[in-house]
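Peer 1: Curious how this folds, go ahead:
(chains A and B)
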Amino acid sequence: MLTIRNLSKTYDNGVQAIKSVSLDIEPGLFGLLGPNGAGKSSLMRTIATLQQPSHGQISFDNKDIIKNPNIIRSCLGYLPQEFGVYPKVSCYDLLDHLALLKGITDKKDRKTQIEKLLHQTNLFDVRKNDVSSYSGGMRQRFGIAQALLGAPRLIIVDEPTAGLDPQERNRFHNMLCEISENIVVILSTHIVEDVSQLCPNMAIIIEGEIKLQGKPAELIADIDGSIWSKMINKDQLEHYKKQFNVISERLITGKTQIIVKNEFQPEIGFEPVQTNLEDVYFSTLKQVSQVKKDQVKPSWALGGDHA
Amino acid sequence: MLKELTQFELKYHLKQGSFWAVTFCFIWMAVLMTSQRGSALLFANSAYVITESILFISPNIIFALCVLASATLIRDNQYKMEPIIFTTPMDKFQYLASRYLGIVSASMLIFFIMIVAMISTLLFLDDSLIGPFNISHYILSYCIFIIPSILLCSSVVFATAMLSKNTIAIYVAGIVIYVLYILVSILGNSPLVANSNSLLSDNTGFAALLEPYGLIAFMEQSAFWTSEQRNVLTPEFSGNLLFNRLLWLAASVSLFAYTYHRFTFRAANKEPEQSKTLIDDNNESLSLSHAENYEAVTPTQNFEKFDVSIWFSKVKLEYLTATKGKAFIILLLVTMVFSLGVLMGNIFDGPINNGQPYYPLTSMILEILRQPLTDIGSLVAIFYAVELYWNERTVNIDSLIDVTPTRNLTLYLAKLSTVIAVCFTLVLSSIVIAIGFQLSQGMIEIQPWLYLILFYYAGLPIILTALLVFSLQRLAKNKALGLLLGIGVFMLSVFVKKIGLDHPLTIFAYRPQFIFSDMADTIYHDQAVHWYNLYWLSFGVILSVLTVKFWQRGSSNIAQKFTRLSKGFLTSSVIMFFASGSYVYFQTNIFNEYSTKEQTLEMMAEYEQEYAKIAEVPQPTVVDINVDVDIYPESRRYQAKGRYIIENQTEDTINKVMVSIFKQSHIEQNIVFKEAELERYDEKYQTYFYQLNEPMKVGEKRTLNFDFTVTHNAFTELDGEHYVTKGGSYIELEDIMPQFGYDQRYVIDDEEERVERGLSLVKLTIPTSDMKRVSDDWVNFETTVSTSQSQQVVTVGRLQESWSEGERNFFHYKSDQKVKRQLAYTSANFELIKETYKNVDISLFHSPEHDKDNQYTLDALKQTMDYFTQHFGAYRSNQFTIVELPYFSSAQSFGSAQPGMYLGVENRFFNLDNRGVDIETFNPLLRGVSHEFAHQYWGGYIEPNYVGGYALLTETLCKYTELVLARKIYGEYSTNIEVHLSLDRYLRTRPYSNNIEKPLFSTGMEPHIYYGKGKQTMHALLDLLGEEKINRALRGLLSNHGYPKKPTSLDLLNEFYLVANGSQKVMIDDLFKRVVFHDFTLHSAKSTQLANGNFETEIDISTIKFVLNPESNKEQTELIDDRLDIAFYSGFPAVDNSNMLLIQKVKFNKDRTLVTIQSKEKPSHVNIDPNRFRIDRNLVDNVLSVDHH
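Peer 2: Residues are numbered from 1 along each chain as shown, chains lettered A, B, ... in the order given. Just a heads-up that it's a prediction; the model follows:
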């Protein structure tokens, strides 16, 4: 349905935000996972027709949406990572306005949908207040409501749950799941949990490149059996990091647990771990940073050998 | 701390692209201004020129600050930095002061750079235009004018920005300052209000005080400076200028203090009202049940089509942005106050100082309001277009809006309609005020439909500006640059003209002069304006279609596809653009002759170079004219077919004849000269060169036939002496009829232009006593003229008969005796008042509705005729006709004198507001009527020789008539105020002359001398010789030098000498043959009461006399030997001496004199020369309050 081919974006200041990204996204929730600054928003903005790619194609239903942005605009729900609102305009009025801009010219239709969305996002009681006076979470819910206006066939939500409390987040996830049955929903996030809970398909984007894509279960299966953990003292951390392929570490009741990716048990004391998506993500991240280090190393390492 | 913060601010400013763009604009202005200054008498780097240039640039300071402020001042609010900034240890003062100092220092830097640019420009100027360089001139002007203006503008913009945090409010503050400046300047134009020299009262001018840049105050201070003084004198920090600067400095400081007081260091907190409605939202089951219910609603809108409800929804939001806060209300109020101010200032002032107000006709009001409303409206359109264009990006909602399927057109139209709605609301508010003003003046014949014209004449340029500004925004990277581009549009026309593109097709939103004659019920350029508008509007539509196509969505550069509709639109506007452009071009350049000012001057110069050598070749004189004229008002043309009888009045035989028909924008002409061979025709000057078959002997007469057709359509510039419109036509036909010999009208008068083109300076010859010319060059005149059915024609001569034929009216006129060759035709719908007074047939032709001043005119005429009959003998002709001319002739001020006829211009002579005048106590038309009848009377007898001082025998004599009649009817001192104003005009105008001033007896075409100084001189002569002796001299002139003799000014002076004694003769020479000034100063006045109850007052007076050296142009002192008036008053001297206690002539022959005068009453003030018989340029020290002991 949504096909992205060799998509690259380089900004005027020379930053290459997207590097030759290719993706095929079918209806259903698609998780786009990546650390801050990985190029998620750039990709989302490009798909949402807010910017032109430097290279590559995007097509939706086999139609080129770079040349004809209006094809996607007429069926797009977009919740940007951050947005502002007109001052002194109430939530209802602004939704009404956006609904009109999306082409719902029938007054009754508009009213019905807006009221329903207001209930679903729990904004009904504050619908008459100015959106500009909303708290962060309320504003985010408004953003969700406006993204769902009309009959979107592609929904792009960029870090949607930021600022939402767990309950709101749950509710929102439920809605997304429900909606995504027949349409494409792209969820961009840096929270692994969001993806693992919701998305039948996903991709990991790092430094503008898609490093991994597939179904979460398959990706987990791929590395199953190669993830080990060990509890160590904090002062041993450096040592372990040098010795093993440590992909992540965390504190558990004051002690450090390190996760290592290795085909076999690295050392006595390591225990095999039930693999999850987080391990997939961290190992991918680790891989990227390793490659980077290797690229940098030779120049000074060589000099060292000679000395 | 403050220092570092300010430095940070300044650096922040320097990082803005808009800062440098603004700097560039001011550099450009400075270079342009400086490069055009400088002359042989006034250097481009004189203190005066520097100050003047800076002051002309000053009104733009506010725009610079608007741009700087919108880019920096509200950034914390815009970029949500407030919570971070406000929680730093920086205190409120440091915060505000650093921001303020930042913007002030940034602006100071801009103007410092501008000054450097001014100085650098000097390097490129010709050496002769530059005087000695003095850096202190620049520093002084910078300190006195620029710094306080920057502080003021900064404070205004700063206060608005900090307290409102709203860019629209900043713009409105800018407009308020601009409007204040315009309003005060308009009101201040009248010397009556702006006069600080306490000519007329001891009130100082409010305009000089209130004008925010000090322009008026400086102009007032320097008004009488001679060009020599202008080179060396620097602005003096005193008087009104000092008060003005102090006032605005104080205003700036108070504004800053107010801002400090009001500003709170808390982020705007709008939450509280919400808190009560924030409800617990834990009802998950309910939400879930709803969530399950999500239903898509399929949009039904086909976005290929335009939908009104979507557009309107957007308009509502844009309108909310545009009118949020009080900014819009303030704008509305400002417009209303401005309109009222401008109307009051113009209407009450009337056409001349101290004259009658205008009748507040709608046509007049339209003319007054159109230009300022266009300017203010365009400015508002620019600000709003910029603000609305960037609206989504400013509030950061662009990513929500841009991804909607709504077409660019809807978004664009919503913004455009909002801007237009805002501007038109302002125009409407101004109209409401204008109607209110008319009603308050008891004008009930309001023509509301006429006001709709304003929406067209002022509205269209506003719309065009909005279209262009919207288009330009797409090219700007951010709002501040966008604003700058917008302001660029405001100055576009000035720039385009400067680079020589002054064709209507290259001046954006070109608007020809708006001149609306109520009498002719015509706007002169109306038909042309429609075409110009069509042309520029199609240009605007083309721009808009492209703007819509490339409307910004996100940061994408993808253009929206052309719909079929937009393609059609684009194609038809392109076709319209070229079609209307071609038609305009055809009209301006092909059907009519087009010539830029430069081209015209070039053509004139070439004429002189080619033909000046044959100027002295003898040519025949026209002695008899018979011409048939047909005027076609509807098609705006006329044709003339006529016959000359010419005579050889020279002392040689004539072999060759040079005859030309003066150029008109569109003319087809033909000359038939039998008994002669056409040798050559110079098409460029429409000049024919004939070789006579038989030479013309002395005294021989021949005939010459000619015919021509002239069209005056709306595309050509209005020429106040030749025009045909549907409601009124005026043609000075003698200008168009063939002329013999070298045509003086192709000679360039402007001396600078002559020097530039390498032509020698023309000077009217100084009259000498051996000039005794006699020439019988007046003509017999006969004409048959026709016009449309509804109109009558009035022309020179006596109406023999009139008849109608077909759809046309015919009139046959014939002169009773020979008349001067001044043969004007007027055609309009007239009402005629006929009266016979002492055997003179008086006819008064006026527009039927303009019937309110008939009685004033007739009364004044009879009074004048009586005076002339009594003192100089009966009026030679037995016919006198007064005709109303359409307002289109307003360029010739009051009107024009023709043989036996005076033509007075509507709204100048006719149709002024004379309601509320009691004819018994004051006749407002006496001055004009006596002046014009005097022309008729003297002109009927005397035809002066065309040499220097020519005007002394025409205009100055008429000024004398004005004086004696007013004095006779209203008393000796009634003319004092007019004399004051005449002198004021003379003194203000003379510094602008590039010549060394000539005394009255040899003056050339310099109205400030023969009118302004002439009136004062005759006033002084009345004091010197008295009315009776002057009249005796004038009788002598009539009997000894009447037509066909051609007297000079010396002949008149001789007549004056005959009635004068020895010392009076010396004074006559001072008045007429030299340029003399005085400087009187009262140092002290002490009074004591004597035993007999009388008061003895001792006054210490210095009396310096200056005489202008005609060779060196320097004023040299000369010992005074004169009798001057000293007068005592109770209270500050009234200009008409109504509170005068005593007046006494005192002899002065020293530089300083102690005078003792006894009076019965106790004097409070003493005044030297209260009636201004001498010319003193500084009157402040001529009045002193008396000390009593």
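Peer 1: Quick check: which ranges of the stretch 601-750 of chain B have low pLDDT?
Peer 2: Counting by pLDDT under 70, the stretch 601-750 of chain B contains no low-confidence range.
Peer 1: just the helices in it please.
Peer 2: Applying DSSP state H, counting those that start in this stretch to the stretch 601-750 of chain B gives helices spanning B:733-736.
Peer 1: Tell me the residues of it that contact chain A?
Peer 2: Counting by Cβ under 8 Å from any Cβ of the partner chain, none of the residues of the stretch 601-750 of chain B come close to chain A. Backbone N, C-alpha and C define where each C-beta goes, glycine included.
Peer 1: Which residues are in contact with residue B:1125?
Peer 2: B:1143-1146, B:1168-1171, B:1173 (Cβ atoms under 8 Å, 6 or more residues apart in numbering or on different chains).
Peer 1: phi, psi of it?
Peer 2: phi -80, psi 140 (degrees, to the nearest 10).
Peer 1: Read off the pLDDT value for it.
Peer 2: Note on residue B:1125: pLDDT of 95.
Peer 1: and what of residue B:260?
Peer 2: Residue B:260 is given a pLDDT of 90.
Peer 1: so how many other residues sit close to it?
Peer 2: 16 (other Cβ atoms under 10 Å in any protein chain shown).
Peer 1: Same question for the helix or strand harbouring it: list its buried residues.
Peer 2: Following DSSP states H and E, one finds residue B:260 within helix B:239-262. By 16 or more other Cβ atoms under 10 Å in any protein chain shown, the buried positions in helix B:239-262 come out as B:239-241, B:244-245, B:247-248, B:251-252, B:255-256, B:259-260.
Peer 1: If we only consider these, which is nearest to chain A?
Peer 2: For the buried residues of helix B:239-262, the closest approach to chain A (Cβ to the nearest Cβ) belongs to residue B:259, at 22.0 Å.
Peer 1: Chain neighbours aside, what residue packs nearest to that closest one?
Peer 2: In space, residue B:259 comes closest to residue B:159 once its chain neighbours are excluded; the distance is 4.3 Å by Cβ to Cβ, 6 or more residues apart in numbering or on different chains.
Peer 1: Which of the three states applies to the one you found?
Peer 2: Put simply, residue B:159 is helix when judged by DSSP: H, G, I helix; E, B strand; the rest coil.
Peer 1: so it makes contact with residue B:253?
Peer 2: No - in this structure, residue B:159 is not within contact of residue B:253 by Cβ atoms under 8 Å, at 11.6 Å.
Peer 1: Report the secondary structure state of residue A:103.
Peer 2: coil.
Peer 1: Distance of it relative to residue B:299?
Peer 2: In this view, residue A:103 and residue B:299 are 3 Å apart by Cβ to Cβ, to the nearest Å.
Peer 1: give me the number of residues near the residue nearest to residue B:259?
Peer 2: 24.
Peer 1: For chain A, what's its nearest residue on the stretch 751-900 of chain B.
Peer 2: residue B:887 (49.7 Å).
Peer 1: Dig out what the closest residue to that residue other than its chain neighbours forms beta bridges with.
Peer 2: Of all residues beyond its chain neighbours, the one nearest residue B:887 is residue B:517 (4.1 Å), with distances taken as Cβ to Cβ, 6+ apart. Counting by DSSP bridges, residue B:517 is bridged to residue B:522.
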